[in-house]
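> Sequence first, predicted coordinates after that:
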Amino acid sequence: MSGYSTNDVAELLGLSPAKVRSLARAGRLSTRRGNRGQYQFSFQDIVLLRTAQELLDARVPPRRVWRALRSLRQQLPNGRPLTAVRIAAQGDHVVVRDKDTSWHPESGQVTFDFSVSDIARQVAPLAREAARSARATADVGSDDWFQIGLECESVAAFVEAKAAYRRAVEIDPSHDEAHINLGRLLHADGRVADAASQYRQAVAAAPDNATAHYNLGVALQDLGRREQAIEAYREAVSVDPEFADAHYNLAQLYEKSGNKAAAIRHLARYKALVA
């Protein structure tokens, strides 16, 4: 995806283009550049820029602003929808919440509290337009479509995200991450069998992708195929022995199957990993 232009971001945030470029440089955002060196912002970049501006408006020293942004980058979910996230601040400390709850800072502290979904509603039309433009362009590759899917998903444009992931796997059937993401969205729609099919294709394309095995296990478990789910989870922990959720699900399924020893073993491993 080409990303959002400086002018797009300036209009969305109510800033001048020069201010947007200044914030991007100072914050060392991981923005891509176009053929002519122009900024190409992601949705996450826009969230970070909004946060930086809020802190600066509250007269937080710039050095602390950029430190807060580095912390925020680590807290934001990567490649997953941000629309349930709230961002708040107490002094120069940024707090990220994934539930729409109230947060009241102490009296006298610098404060702001906004829902990322508010920004997403503004950005979503741009993401949809980028997807439409890509469909009219002949040389858009599978990785490009995957990035379009990520960007659409991040602003809750799920119909366009699914279409983008489908296009990615049509061009490259071995694109395991696109299969996984498409499967996850289908799973969320209740189309569990279709999701399982996508996860199986991801496993076939990348047998060392632990997430593909794990997601397949979840789908099979939801379909009532206990033994197949156990095998998928076993593959997940074989690839990644520290996959805590896979150990937990194995413990549950072994408990239901009457294999107490295996259930205890995997539950102990899960507890050790999350301790």
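Yes, it's here. Numbering: from 1, shown residues only.

> wait, isn't residue 273 in contact with residue 246?
No. Counting by Cβ atoms under 8 Å, residue 273 stays clear of residue 246, with 10.1 Å between them. For glycine as for every other residue, the C-beta is placed from the backbone atoms N, C-alpha and C.

> Compare the two (neighbour count), which wins?
The neighbour count for residue 273 versus residue 246, taken as other Cβ atoms under 10 Å, is higher for residue 246 (28 against 14).

> Identify the residues contacting the more buried one.
Shown in contact with residue 246 (Cβ atoms under 8 Å, 6 or more residues apart in numbering): 210, 213-214, 217, 233, 236-237, 240.

> what's the most distant pair in those?
Using Cβ to Cβ, the contacts of residue 246 reach their maximum pairwise distance at 217 and 240, which is 12.7 Å.

> ok, these two, which is more surrounded?
Each of residue 217 and residue 240 has its neighbours counted (other Cβ under 10 Å); residue 217 has more, 27 against 16.

> Relative to residue 234, how far out is the more buried one?
Distance, residue 217 to residue 234, using Cβ to Cβ, to the nearest Å: 9 Å.

> how much space between residue 198 and residue 169?
Relative to residue 169, residue 198 is positioned 8 Å away (Cβ to Cβ).

> Need the three-state assignment for residue 59.
Three-state assignment for residue 59 (DSSP: H, G, I helix; E, B strand; the rest coil): coil.

> Got phi/psi on it?
The phi and psi values for residue 59, taken as degrees, to the nearest 10, are phi 60, psi 30.

> And residue 174, by the same measure?
Dihedral angles for residue 174 - degrees, to the nearest 10 - are phi -90, psi 10.

> That one and residue 203 touch, don't they?
No. With contact defined as Cβ under 8 Å, residue 174 does not count as touching residue 203 (11.5 Å).

> out of those two, which sits in the more crowded spot?
The neighbour count for residue 174 versus residue 203, taken as other Cβ under 10 Å, is higher for residue 203 (22 against 13).

> What is the burial count for the residue nearest to that one when sequence neighbours are not counted?
Closest residue in space to residue 203, ignoring its immediate chain neighbours: residue 212 at 4.7 Å, by Cβ to Cβ, 6 or more residues apart in numbering. When neighbours are counted by other Cβ under 10 Å, residue 212 registers 28.

> close enough to count as contact, residue 212 and residue 196?
No. Applying Cβ under 8 Å as the test, residue 212 and residue 196 come out as separate, 11.1 Å apart.

> Give me the below-cutoff pLDDT ranges for the stretch 1-150 of the chain.
Across the stretch 1-150 of the chain, the ranges flagged by pLDDT under 70 are 1-2, 27-37, 74-118, 136, 138.

> For it, just list every one of the strands.
Along the stretch 1-150 of the chain, the stretches classed as strands by DSSP state E, counting those that start in this stretch are 32-33, 39-40, 86-90, 93-97, 111-115.

> From residue 43, how far off is residue 122?
Separation of residue 122 from residue 43 (Cβ to Cβ): 10 Å.

> the more surrounded of the two?
Remark: of residue 122 and residue 43, residue 43 carries more neighbours, 25 against 14, as counted by other Cβ under 10 Å.

> The closest residue to that one other than its chain neighbours: neighbour count?
Nearest residue to residue 43, sequence neighbours excluded (Cβ to Cβ, 6+ apart): residue 154, at 4.6 Å. Number of residues near residue 154 (other Cβ under 10 Å) recorded here: 27.

> got it, and residue 218?
Residues lying near residue 218 (other Cβ under 10 Å) number 23.

> Repeat that for residue 268.
Count around residue 268 with other Cβ under 10 Å applied: 12.

> same question, the one 3 residues further on
Using other Cβ under 10 Å, residue 271 has 13 neighbouring residues.

> pLDDT score assigned to residue 218?
Here, the pLDDT recorded for residue 218 equals 95.

> Pretty sure it sits against residue 248.
No. Judged on Cβ under 8 Å, residue 218 makes no contact with residue 248 at a distance of 11.5 Å.

> Enumerate every residue touching the nearest residue to residue 197 once chain neighbours are set aside.
Computed as Cβ to Cβ, 6+ apart, the closest residue to residue 197 that is not its neighbour in sequence is residue 183, at 7.7 Å. By Cβ under 8 Å, 6+ apart, the contact set of residue 183 is 194-199, 202, 215, 219.
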